[in-house]
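Asker: Take a look and give me a structure for this.
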Amino acid sequence: MAQLILYGLIYGGIIALGAIGLTLIARILRFSHFAHGDMMALGAYLALLFRVTLGFPMWASAIIAVVATAVAAVAIDRLFYKPLRRTGPTILLIASVGVALVLRHLIQFFWGAAPQVYQRGVERPWIIWGLRIRPVQAWILVLAVLLVVGAWLFLQKTKMGKAMRAMADNMDLAAVSGIDTERMIVWTWVLGAALAAAAGIMLGLDTQLRPAMGWLMLLPLFAAAILGGLGNPYGAIAGGMIIALAQELSTLVFNTAYKPAVSFVLMVVLLLLRPQGLFGGKA
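Answerer: Coordinates of the predicted model:
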């Protein structure tokens, strides 16, 4: 069981990073971004481009891919979402489904449908207190914790983070108070996409890269965001950990093929019992 908990913490860090951006977009822009999982995949495949095709070191490839994904997210917002922003959340949601399909098929067009990896070969796992962990998984766990803490400090301590939280609470009041709402929207996309790209790269390091990897991550991301209270970035962190641990521990009872169903069941049960989420306010 301790081994499964360790795997759950690693996977939980990946889900939490993606869920933070998803919940910020939901709270500030007032729509569910169904292309967020494919943003993760885009970041992962851009890192593959720089790592495998161009031969950059993995750390440099990851940084460039994160920056490039953030730029792509802002460009997508300017081209597709901004003109539709006054039409309502339903239209934006449908538009995000279209963006997700475009991103997924572009990835498949350029990189193909076959699974790919950043580095071939078998890693010898470390044995720490009787637990097996591969070196890359140790790095994923450390980086996920650092990024989650960094996101928390950014939102809690910086002027820009406080402005983003003010917008999340009441956009009209934030605008009257002198906050540049358009600038905050841009930074919301930058932060959300950067964290999503980092999560996608970590997922690719831990497993394999597939064009549909973002789509398969979408349910755990939404389950984590809803579990923590959609719109609550701190709740998304806790939700990500709960979802990941529940999925891993479920393998003690069920076949591993049913792990995605755990996210769905938890999400449905919570929506029935506590629609506002564990850390949300009024429903």
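
Asker: For the chain, which segments count as strands?
Answerer: Taking DSSP state E as the criterion, the chain carries its strands at 126-128, 131-133.

Asker: Any idea which of these has the lowest pLDDT on average?
Answerer: With a mean of 79, strand 126-128 has the lowest mean pLDDT of the strands of the chain.

Asker: Run me through the strand neighbours of that one, direction for each.
Answerer: strand 131-133 (antiparallel) (DSSP bridges).

Asker: Give me the distance between the strand it pairs with and the centre of its chain.
Answerer: 25 Å (Cα atoms, centre = their mean, to the nearest Å).

Asker: Next: stretch 11-28.
Answerer: 5 Å.

Asker: do the same with stretch 220-227
Answerer: Computed by Cα atoms, centre = their mean, the chain-centroid distance of stretch 220-227 equals 10 Å.

Asker: what does stretch 62-82 give?
Answerer: How far stretch 62-82 lies from its chain's middle: 14 Å, per Cα atoms, centre = their mean.

Asker: Comparing the strands of the chain, which comes out most buried?
Answerer: Ranked by mean neighbour count, these are led by strand 131-133 with a mean of 14 (mean count of other Cβ atoms under 10 Å). The way it works is simple: take the backbone N, C-alpha and C, and place the C-beta from them, glycine included.

Asker: Show me the contact partners of that one.
Answerer: Strand 131-133 has contacts (Cβ atoms under 8 Å, 6 or more residues apart in numbering) with 2-3, 6, 125-126, 141.

Asker: rerun at 10 Å
Answerer: Contacting residues not belonging to strand 131-133 are listed as 2-3, 5-7, 10, 125-127, 140-141 [Cβ atoms under 10 Å, 6 or more residues apart in numbering].

Asker: before we move on, back to that, reformat the strands of the chain as JSON lines; add distance to Ala194.
Answerer: Output for the strands of the chain, formatted as JSON lines (distance: least, Cβ to Cβ, whole Å):
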{"stretch": "strand 126-128", "distance to Ala194": "29"}
{"stretch": "strand 131-133", "distance to Ala194": "26"}
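
Asker: need the contact list for the closest residue to Pro211 other than its chain neighbours.
Answerer: Counting by Cβ to Cβ, 6 or more residues apart in numbering, Gln108 is the residue found nearest to Pro211 once chain neighbours are left out, at 4.2 Å. Gln108 makes contact with 41, 45, 114, 210-212, according to Cβ under 10 Å, 6+ apart.

Asker: How much space separates Gln108 from Glu182?
Answerer: 33 Å (Cβ to Cβ, to the nearest Å).

Asker: show me where the stretch 1-150 of the chain has helices.
Answerer: Secondary structure of the stretch 1-150 of the chain (DSSP state H, counting those that start in this stretch): helices at 2-28, 36-48, 58-76, 89-111, 135-157.

Asker: An error on my part: the question was meant for the stretch 151-283 of the chain.
Answerer: With DSSP H, counting those that start in this stretch as the criterion, the stretch 151-283 of the chain has helices at 159-169, 171-176, 181-206, 213-228, 233-250, 259-273.

Asker: Just name the most buried of those.
Answerer: The highest mean neighbour count among the helices of the stretch 151-283 of the chain, using mean count of other Cβ under 10 Å, belongs to helix 213-228: a mean of 26.

Asker: Tell me what angle it forms with helix 36-48.
Answerer: For helix 213-228 against helix 36-48, the angle by axes from the mean of the first three to the mean of the last three Cα atoms, to 10 degrees is 130 degrees.

Asker: what does the model give the residue of the chain positioned farthest from its centre for pLDDT?
Answerer: For the chain, the residue at maximal distance from the C-alpha centroid (Cα atoms, centre = their mean) is Val176, at 31.2 Å. Predicted confidence (pLDDT) for Val176: 80.

Asker: distance of it from Asn170?
Answerer: Separation of Val176 from Asn170 (Cβ to Cβ): 9 Å.

Asker: picking up where we left off before, separation between the residue nearest to Pro211 and Leu42?
Answerer: Remark: distance between Gln108 and Leu42 (Cβ to Cβ) = 12 Å.

Asker: any shared contact partners between these two?
Answerer: Common neighbours of Gln108 and Leu42 (Cβ under 10 Å, 6+ apart) do not exist.
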